[in-house]
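Q: need the 3D shape of this:
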Amino acid sequence: MRRVFLPTMLAALLAAGCTTTYSPAPVYDTSAYSGPVDVTGGTYVVAPGDTVYSIATRNGINPAELMRANGITDPTSVAVGTELKLTVSRAAPVTDLAREARSDEVSLTEPAQAQAAPAEEVVPPSKVKPLGATRLVWPCAKAELLRTFSDEGSKGIEVSGKMGDTVVAAAPGRVIFTGDNVSGYGNLVILSHDEPGLVTVYGHNADLLVKKGQRVDAGEAIARMGSSASKEVNLLFEVRYNDRPVNPVEYLP
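A: The predicted structure follows:
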């Protein structure tokens, strides 16, 4: 049985997956889903280091549904040895991308060699898509794409830059996670936005400028670009909409 560790968070978050190690990392706002919960008949026995969120991400399950199916009210205090009923997957599981190393951290397969994307692949402003009623702004200065959404194993993009360049919020929202202990992301910020189901992820930072729970505006500085968990300075940027990763370039001006 594979085991993972992710930071303990309230029921508003699940995050996990750069240049050296990478994960597609489902990110959930657990308050966004209120429909019926369907169980599969499968079960999972909680192991040391497991959390509701790490179990959910391994199975592509919304953690809110997993909690409701098992009568869990506090996601931070699930006892080792507890047998949990698994719910129907609503996102692609990441077990096929992960390999176990130490029992207390996520260990991930090496991605394919990243290649720079030609400038003409960037969607022109006239074709930029909105995400519901929200339009994104670039989270950093537009530059060479070191990794594209279509690269093998990639669920976001990596944008080149200089150490200390400003990283900004791509849309108004609230900080739901900051930290540096999610393998492959380095210093990480995750924002949940006013558009229901919209979450953005900012990784590889040198410094974090915001705290969990803080409200931010579009274009507000949230971090400084760096090379944490990466071989070179860049911003790892991911967009999740209704529990699914989408190509950020299609939504950026």
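Q: can you list the buried residues in stretch 61-73?
A: Ile61, Asn62, Pro63, Ala64, Glu65, Leu66, Met67, Arg68, Ala69, Asn70, Ile72 (16 or more other Cβ atoms under 10 Å). Glycine gets a C-beta too; all of them are placed from N, C-alpha and C.
Q: so Val233 is in contact with Val167, correct?
A: No: when contacts are counted by Cβ atoms under 8 Å, Val233 is not listed as touching Val167 (11.4 Å).
Q: could you check which of those two has the larger neighbour count?
A: Under the criterion of other Cβ atoms under 10 Å, the comparison of Val233 against Val167 puts Val167 first, with 27 against 18.
Q: can I assume that one is in contact with Ala221?
A: Yes: Val167 is within contact range of Ala221, at 7.1 Å (criterion: Cβ under 8 Å).
Q: of the buried residues of stretch 61-73, closest to Gly186?
A: The nearest member of those to Gly186, counting by Cβ to Cβ, is Pro63 at 23.2 Å.
Q: and the closest residue in space to the closest one that isn't next to it in sequence, how many neighbours?
A: Nearest non-adjacent residue to Pro63, counting by Cβ to Cβ, 6 or more residues apart in numbering: Ala56, 4.1 Å away. Using other Cβ under 10 Å as the criterion, Ala56 is surrounded by 31 other residues.
Q: Ala56 - that's part of a helix, no?
A: Yes: with DSSP: H, G, I helix; E, B strand; the rest coil as the criterion, Ala56 is part of a helix.
Q: distance of it from Asn62?
A: 7 Å (Cβ to Cβ, to the nearest Å).
Q: just Asp165 next, same as before
A: Taking Cβ to Cβ, one finds Asp165 at 34 Å from Asn62.
Q: still on that earlier bit, the residue nearest to Pro63 against Arg68, yeah?
A: No: if you go by Cβ under 8 Å, Ala56 and Arg68 don't touch, sitting 11.9 Å apart.
Q: may I have stretch 69-77 as PDB, with CA atoms only?
A: This file holds the C-alpha atoms of stretch 69-77, laid out as PDB (Å, rounded to 0.1, in the frame of the first residue of the first chain):
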ATOM      1  CA  ALA A  69     -19.000   9.100   3.500                       C
ATOM      2  CA  ASN A  70     -17.000   8.200   6.700                       C
ATOM      3  CA  GLY A  71     -18.600  10.700   9.100                       C
ATOM      4  CA  ILE A  72     -15.300  12.600   9.600                       C
ATOM      5  CA  THR A  73     -15.700  16.100  11.000                       C
ATOM      6  CA  ASP A  74     -12.000  16.800  11.700                       C
ATOM      7  CA  PRO A  75      -9.700  15.900   8.800                       C
ATOM      8  CA  THR A  76      -6.700  16.400  11.000                       C
ATOM      9  CA  SER A  77      -7.400  13.600  13.400                       C
END
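Q: make 50 the starting number, not 1.
A: With 50 as the first residue, the last one maps to stretch 118-126.
Q: could you give the mean pLDDT of it?
A: Mean pLDDT, stretch 118-126: 79.
Q: got it, and stretch 212-222?
A: In the prediction, stretch 212-222 has an average pLDDT of 95.
Q: repeat that for stretch 187-202.
A: Rounded mean pLDDT across stretch 187-202 is 87.
Q: and what of stretch 232-243?
A: 91.
Q: now for Asn230, how many residues are close by?
A: 14.
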